[in-house]
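> Sequence first, then the predicted structure, then my questions.
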Amino acid sequence: MTSISVPQPVLADRLPRTLVRDAALVVGLAALTALLAQVRVPIPFSPVPVTGQTLAVLLGAAALGPLRSMLGMLLYVAVGVAGLPVFTQWGYGLGTLFDITGGYLLGFLLASLLVGAMARRGFDRRPLGTAAAFAAGSLVIYTVAVPWWMTVTGEPFGAVLWQAAGVFVVGDALKALIAAGLLPAAWRLANR
């Protein structure tokens, strides 16, 4: 049985450790997040669509651990702010941080740290633990996104809570179920 108090390796630690490997994993996570940002489903109740970004962020955090995943998210945000079209709908630029989606981008940084740390505690080894880590990561993203959205728009808490978080709960639950199947299966393969 895996102890939740002793740091455990994450999936990426199964690869031979080199600086090149770590750099490739960081760049790969940023690229995967940019790619899955383009997988979008518009929602009639919100100006922000459901995207594949959170799946990339949280799955990457569990697979890479807290440091590499946060660096991947920093790189993702930095290249988007610098002008590469990596955000949803090929968005880019510094202005993205100051609109309603900026809170999600900043939330990705914190969520990657939390989910990566939970993976280091073995949460990604079992379906229930994986789902719990994804739920915690999603909650962190919402916790940053909702007040950010309120600040940008001046809209009241109730309306923003629904538009910025409530409409995404079902999609994020589905992403957690996908990860709850993928990560424990990946661990079974890695342990063979």
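Received it, and whenever you're ready, just let me know what you need.

> Please make it C-alpha for all contacts and neighbour counts, starting now.
Fine.

> so what's the residue positioned nearest the centre of the chain up against?
The centroid of the chain falls nearest to Val57 when counting by C-alpha atoms, centre = their mean (2.4 Å). Shown in contact with Val57 (C-alpha atoms under 8 Å, 6 or more residues apart in numbering): 29, 33, 69, 73, 108, 111-112.

> Output the host helix or strand of Ala30 as PDB - backbone C-alpha positions only.
Element membership for Ala30 (DSSP states H and E) is helix 19-37. The C-alpha coordinates for helix 19-37 follow below in PDB (Å, rounded to 0.1, in the frame of the first residue of the first chain):
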ATOM      1  CA  LEU A  19      18.200  17.800 -17.900                       C
ATOM      2  CA  VAL A  20      17.200  17.300 -21.600                       C
ATOM      3  CA  ARG A  21      14.500  14.900 -20.500                       C
ATOM      4  CA  ASP A  22      13.100  17.400 -18.000                       C
ATOM      5  CA  ALA A  23      13.200  20.200 -20.500                       C
ATOM      6  CA  ALA A  24      11.400  18.100 -23.100                       C
ATOM      7  CA  LEU A  25       8.700  17.200 -20.600                       C
ATOM      8  CA  VAL A  26       8.200  20.800 -19.700                       C
ATOM      9  CA  VAL A  27       8.000  21.900 -23.300                       C
ATOM     10  CA  GLY A  28       5.800  18.900 -24.100                       C
ATOM     11  CA  LEU A  29       3.300  19.800 -21.400                       C
ATOM     12  CA  ALA A  30       3.100  23.400 -22.700                       C
ATOM     13  CA  ALA A  31       2.600  22.100 -26.200                       C
ATOM     14  CA  LEU A  32      -0.100  19.600 -25.100                       C
ATOM     15  CA  THR A  33      -1.900  22.300 -23.200                       C
ATOM     16  CA  ALA A  34      -1.800  24.600 -26.300                       C
ATOM     17  CA  LEU A  35      -3.100  21.800 -28.500                       C
ATOM     18  CA  LEU A  36      -5.900  20.800 -26.100                       C
ATOM     19  CA  ALA A  37      -6.900  24.400 -25.600                       C
END
